[in-house]
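[1] no sequence on this one, just coordinates:
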């Protein structure tokens, strides 16, 4: 990791241990909290952020249920967003996700979103929502997007390819694909055409403003 990101990496078994070993963090850019400390991160989020207010925080998890629980609790509490890193992901995906965090973008894997409660009808049997409800649902889904994801969505809806988007935004094609994957998960769609349709629907409702 140190060679990949040209930065120093330190490790500690707890926040208290980290504070005692490294009392000063002027250059801290990314704090990855292990899933074993997920509850501690929920209870003492401000203490973690106090290490360096400009640093990004991410929960590194292997058990997706722990990450889902943490994500749900954070949303319920209205806390500041954090990123989520699947430590089981291929190394290329993990490194790309970390690059996004280093550049100030929170990464939220698709598997943490759209979890239907028990007893929810399957999509092909559920009754379609009334127009007002559908509009509210679209706005809610759009609110999940980061600023960069909205930029990419607009460019996708204008017919740009991944290569063109990467060139315009100064990022790699692989990063564009990661953003797209993340965005599809938030929308509950599987392709760019469906995502573009969401964009046009949101435009008609001024949901992107």
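    Done, it's in. As the structure is a prediction and not an experimental result, all values here were calculated from the model.

[2] Distance of the nearest residue to residue 14 once chain neighbours are set aside relative to residue 89?
    For residue 14, ignoring the flanking residues on the chain, the nearest one in space by C-beta to C-beta, 6 or more residues apart in numbering is residue 37 at 6.9 Å. For every residue, glycine as well, the C-beta is placed using N, CA and C. Distance, residue 37 to residue 89, using C-beta to C-beta, to the nearest Å: 20 Å.

[3] Who has more neighbours out of the two?
    Between residue 37 and residue 89, counted using other C-beta atoms under 10 Å, residue 37 has the larger neighbour count: 17 against 13.

[4] what pLDDT does the more buried one get?
    According to the per-residue confidence, residue 37 scores 94 in pLDDT.

[5] close enough to count as contact, it and residue 16?
    No - with contact defined as C-beta atoms under 8 Å, residue 37 and residue 16 do not form a contacting pair (10.7 Å).

[6] tell me what the strand or helix carrying residue 178 is packed against?
    Taking DSSP states H and E as the definition, residue 178 sits inside helix 173-187. Packing partners of helix 173-187 (3 or more C-beta pairs under 8 Å, 6 or more residues apart in numbering; DSSP states H and E): helix 91-102, helix 147-157, helix 162-169, helix 192-204.

[7] go with 6 Å
    Counting by 3 or more C-beta pairs under 6 Å, 6 or more residues apart in numbering; DSSP states H and E, the packing neighbours recorded for helix 173-187 are helix 147-157, helix 162-169.

[8] Can you tell me which of the ones you listed is packed in deepest?
    helix 147-157 (a mean of 18; mean count of other C-beta atoms under 10 Å).

[9] Just give me how far it sits from the chain centre.
    Chain-centre distance of helix 147-157: 15 Å, with C-alpha atoms, centre = their mean, to the nearest Å.

[10] That helix to helix 91-102, inter-axis angle?
    Here the directions of helix 147-157 and helix 91-102 differ by 110 degrees (axes from the mean of the first three to the mean of the last three C-alpha atoms, to 10 degrees).

[11] same for helix 147-157, what does it pack against?
    Under the contact rule (3+ C-beta pairs under 6 Å, 6+ apart), helix 147-157 is packed against helix 173-187, helix 192-204.

[12] who touches that helix?
    Residues from elsewhere that reach helix 147-157 (C-beta atoms under 6 Å, 6 or more residues apart in numbering): 105, 165, 179, 183, 192, 196, 199.

[13] Ok, stretch 159-171 next?
    The contact list for stretch 159-171 (C-beta under 6 Å, 6+ apart) reads 152, 155, 172-173, 176.

[14] repeat for stretch 27-41
    Stretch 27-41 is contacted from outside by 51-52, 55-61, 66, 70, 101-102, using C-beta under 6 Å, 6+ apart.

[15] Can you lay out the residues you listed as CSV showing secondary structure?
    Conversion of these to CSV gives the following (DSSP: H, G, I helix; E, B strand; the rest coil):
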residue, secondary structure
51, coil
52, coil
55, coil
56, strand
57, strand
58, strand
59, strand
60, strand
61, strand
66, helix
70, helix
101, helix
102, helix
